[in-house]
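Participant: What would the 3D arrangement of this be:
(2 chains)
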Amino acid sequence: DAGVIQSPRHEVTEMGQEVTLRCKPISGHDYLFWYRQTMMRGLELLIYFNNNVPIDDSGMPEDRFSAKMPNASFSTLKIQPSEPRDSAVYFCASSGWGLTEAFFGQGTRLTVV
Amino acid sequence: QQQVKQSPQSLIVQKGGISIINCAYENTAFDYFPWYQQFPGKGPALLIAIRPDVSEKKEGRFTISFNKSAKQFSLHIMDSQPGDSATYFCAALNTGNQFYFGTGTSLTVIP
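Facilitator: Residues are numbered from 1 along each chain as shown, chains lettered A, B, ... in the order given. Next up is the predicted model:
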């Protein structure tokens, strides 16, 4: 398996634009997590899905953030409109029931100017 | 609210020295405590983990010490090497498969 695949690796956008981050979890994993990494706050859990259903989105900072998982092999995190303070590295991770390890993608570095 | 508190934020150690990173938690529902290692430009990867029914786990130069009564656990890196330079995250996992991470420690091992 190729592991968790995220795209794009880097995204630079202007304030106010819509940004969509994409994630393909490991096949067979039924948990998918979106994290945001900053120096100040470390790894923050934004939202996680179980069997494509959002379970906890309490970490989503504002209504500008939304996430979907239309099927077991694809998820998106959308920011609309984007702001400079959204600049961070966004990670997607997946895990399976009974597994105690979360497998991370390589992340998307987002810069909003 | 930070579920897992981690310190220090950064650490500089001489080659051959011992690196120590500490974490604390409050939620007694956590039942698994992993440590993740992250190199620049990469996602975090599992390094070592412990369950609360043991007080210590050792894998090579890496040791987790766990104090259940104090709700604290720590990572010790013995004989630290420049290749250990990375960011380390402690984490806690509950029965709902929800991972909570600390804020991370940037470790630099000086040759």
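Participant: how about the helices in chain A?
Facilitator: Counting by DSSP state H, chain A forms no helices at all.
Participant: Tell me how far the residue nearest the centre of it lies from B:G43.
Facilitator: Centrality entry for chain A: nearest residue to the mean C-alpha point is A:W34, 3.3 Å, by C-alpha atoms, centre = their mean. Noted for A:W34: a distance of 12 Å to B:G43, by C-beta to C-beta, to the nearest Å. The C-beta positions use only the backbone N, C-alpha and C, and glycine is treated the same way.
Participant: low-scoring stretches of chain B, by residue?
Facilitator: Applying pLDDT under 70 to chain B picks out residues B:1.
Participant: Those residues of it touching chain A, which are they?
Facilitator: B:6, B:32, B:34, B:41-46, B:49, B:89, B:93, B:96-104 (C-beta under 8 Å from any C-beta of the partner chain).
Participant: Find the nearest non-adjacent residue to A:Q6, please.
Facilitator: Nearest residue to A:Q6 in three dimensions, chain neighbours excluded: A:G105, at 3.8 Å (C-beta to C-beta, 6 or more residues apart in numbering or on different chains).
Participant: check contacts around the one you found.
Facilitator: Neighbouring residues of A:G105 by C-beta atoms under 8 Å, 6 or more residues apart in numbering or on different chains: A:G3, A:V4, A:I5, A:Q6, A:C23, A:F91, A:C92, A:A93, B:G43.
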